[in-house]
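>>> Quick one, what's the 3D model for this:
(one chain, ligands or ions: 2)
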Amino acid sequence: MTSQPVEQTFQVLPSLLSSDFFRLGEQVRELESAGCRVLHLDIMDGHFVPNLTFGPPVIKSLAEGTDLLFDIHLMVTRPDDWTEAFDFPNTRCLTIHAEAGYHLHRSLQKIRDCGKMAGLALNPATPLDVLDYLWPNLDLLLIMTVNPGFGGQRFIETSRRKIARAAELIRERSDGRVVLEIDGGVGADNLAELAGLGAQWTVVGNSLYTHGDLAEGHRRLQTLGERAWKPNRP
Ligand code: DX5
Ligand code: ZN
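Ligands and ions are numbered 1, 2, ... in the order given. Predicted coordinates for the structure are as follows:
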């Protein structure tokens with residue numbers, strides 16, 4: 001059976017930030033065996049966000065041991081400096097923050113030139129208007145549903161309205177082509193509802209890694225989301 005490209009399907013993306021770093025490789029394999037297809041990797045620089053995580057050497061080691069695709073979320077100032085550094089064969093998408101880039105058309109084009117999906121992330125307080133002149137240059141829109149920097153934060157309630165409006169805009173302005181991703185505070189209690197609003201890739205960190213069996217937890221959330229997902233493609 002040939003599986004559909006991930007950008008046309010609903011996906012639960014485990015956030016590596018919540019892993020047990022002592023068992024990193026082992027946990028990635030557990031997820032792979034559960035049918036997970038894309039991992040979410042949070043790169044933080046201690047400037048754009050008040051935290052540090054991991055960088056290219058750690059991701060390079062992972063790339064050598066797994067076929068999972070990587071969705072790389074760059075929470076860094078000067079994102080253009082890092083495009084090539086994360087250009088691994090596993091990397092499907094590189095996402096930069098609208099608040100961190102001065103020349104967004106150029107930054108997104110640089111990502112596409114590497115053959116990756118170009119993603120743009122918006123902090124919870126950043127309005128969707130920033131996208132107005134960018135639709136043709138975008139492959140993925142990441143709506144942050146917490147302020148970036150840490151796992152385990154509470155979902156910001158006003159994000160519901162933003163997700164619903166983003167889904168509408170994706171239908172109107174990109175014919176459903178752009179992937180709508182959400183990140184922060186998502187779990188079994190709200191995932192189905194958010195997928196029903198049009199969220200297509202849902203990042204899940206704390207609520208997945210802290211509740212028992214990882215593989216089983218992933219399968220459960222994936223099924224929940226697939227049932228509820230309302231595709232934005234016509
Ligand atoms: C936060 C990160 C998220 C985080 C999500 O800045 O971008 O990807 O890992 O974790 P949870 O699901 O725990 O909010
Ligand atoms: Zn993230």
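
>>> and the gap between the one residue in the chain that gets nearest to ligand 1 and D87?
Nearest residue of the chain to ligand 1 (Cβ to the nearest ligand atom) works out as G205 at 2.6 Å. Where C-beta positions appear, they are placed from N, C-alpha and C, glycine not excepted. As judged by Cβ to Cβ, to the nearest Å, G205 and D87 stand 25 Å apart.

>>> quick one, which of these two is more surrounded?
Each of G205 and D87 had its neighbours counted (other Cβ atoms under 10 Å), and the higher figure belongs to G205 (26 against 16).

>>> Which stretches in this structure count as helices?
Counting by DSSP state H, the chain has helices at residues 24-33, 56-65, 104-113, 159-174, 191-196, 206-209, 214-228.

>>> how about TSV for these, with mean neighbour count and mean pLDDT added?
TSV is the format used below for those (neighbours: other Cβ atoms under 10 Å; pLDDT from 0 to 100):
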stretch	mean neighbour count	mean pLDDT
helix 24-33	16	96
helix 56-65	15	96
helix 104-113	17	98
helix 159-174	18	98
helix 191-196	20	98
helix 206-209	20	96
helix 214-228	18	97
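
>>> For ligand 2, find the nearest of those helices.
Closest approach to ligand 2 among the helices of the chain is made by helix 206-209 (11.9 Å; Cβ to the ion).

>>> what separates stretch 142-154 from the chain centre, distance-wise?
A distance of 11 Å separates the centroid of the chain from that of stretch 142-154, by Cα atoms, centre = their mean, to the nearest Å.

>>> How about that stretch and ligand 1, any contact?
Yes: Stretch 142-154 is in contact with ligand 1 by Cβ under 6 Å from any ligand atom, via V146, P148, G149, F150, G151, G152, Q153.

>>> repeat for stretch 180-194
Yes: for stretch 180-194 and ligand 1, the contact criterion (Cβ under 6 Å from any ligand atom) is met by D183, G184, G185, V186.

>>> Looking at those residues, state which has the most neighbours.
V186 (28 neighbours).

>>> surely that residue meets T145?
Yes: with contact defined as Cβ atoms under 8 Å, V186 counts as touching T145 (6.7 Å).

>>> so what's in contact with the two at the same time?
Residues touching both V186 and T145 by Cβ atoms under 8 Å, 6 or more residues apart in numbering: F155.

>>> what's the neighbour count on the nearest residue to D42 once chain neighbours are set aside?
Once flanking residues are discounted, D42 sits nearest to L17: 4.7 Å by Cβ to Cβ, 6 or more residues apart in numbering. Neighbour count for L17, taken as other Cβ under 10 Å: 22.

>>> how about whichever residue of the chain sits closest to ligand 2, what does it touch?
Ranked by Cβ to the ion, the top residue of the chain for proximity to ligand 2 is H73, at 3.8 Å. Contacts for H73 (Cβ under 8 Å, 6+ apart) come out as H40, L41, D42, I43, T95, G119, A121, L142, P148, D183, V203.

>>> do the same with P231
Contacts of P231 (Cβ under 8 Å, 6+ apart): F10, G176, G198, Q200.

>>> What of E193?
R160, A228.

>>> swap the cut-off to 7 Å and go again
Applying Cβ atoms under 7 Å, 6 or more residues apart in numbering to E193 gives no contacts.
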